[in-house]
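Trainee: With the sequence up front, the predicted model follows.
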Amino acid sequence: MSSEKEKSKVHKLSLKVSSDDQVKAYIKKIMSQLNKWMQGSKISKLVVVITSKDTGEHIERWQFDVQIFGKNASSTSGKGTSTKTLDKENASPDTTPAAPLTDAAIQSQISALFRQITASVTFLPTLDAGACTFNVLVYADADSDVPMEWGDSDAKEVVGGERVVLRGFSTNSHRVDTLVSYRLQD
């Protein structure tokens, strides 16, 4: 795989993106599945773990906790009684933001998070890009349709690492909170 990168503008920030077709295809496949799960309110967490190829140690772990507003909404059964549907794995508050958010406000929050992630290079240890790989973990409801090539995994925590809570953002139907765990270099 080529480690060559090209620059892209996202939320007015220059970001490096992979030019490797296999990596792009992998990410496209993941994003397609994530979109289905998000639309179906099936996801509670997305994690990206960077691992050393040489030692197998997890070096960085980026965690995005997803709360879906209104997921535990009441439904009415055929007899007119109200029943609560509760998914214990993805349980979240049944509240939405106090006032509807505009697209501009949502984009502003996402931009602020991207700027903070970009600025994290000031405290994160430098990675040797050729010696690392990454995994994507998705915490989905137990009743989710999971593609055959996806499998169960451990949490891939960073052992003895530091944790930094980053900004979150809200839409009118979701709240996403972010944190990064990383291993200090010896």
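Mentor: Perfect, thanks for sending it. These numbers were taken from a predicted model, which means no experiment stands behind them.

Trainee: For residue 136, give the beta-bridge partners.
Mentor: Judged by DSSP bridges, the bridge partners of residue 136 are residue 48.

Trainee: who's in contact with it?
Mentor: With C-beta atoms under 8 Å, 6 or more residues apart in numbering as the criterion, the residues that contact residue 136 are 30, 46-49. Quick note: C-beta positions are derived from backbone N, CA and C, even for glycine.

Trainee: Tell me the one of those nearest residue 177?
Mentor: Comparing these against residue 177 with C-beta to C-beta places residue 46 closest, at 11.3 Å.

Trainee: Not counting sequence-adjacent ones, nearest residue to the closest one?
Mentor: Using C-beta to C-beta, 6 or more residues apart in numbering and skipping the chain neighbours, the partner closest in space to residue 46 is residue 64 (4.5 Å).

Trainee: dump the residue contacts of the one you found.
Mentor: Residue 64 is in contact with 45-47, 176-178, counting by C-beta under 8 Å, 6+ apart.

Trainee: Out of the residues you listed, name the ones that lie in helices.
Mentor: When DSSP state H is applied, these are split such that none fall in helices.
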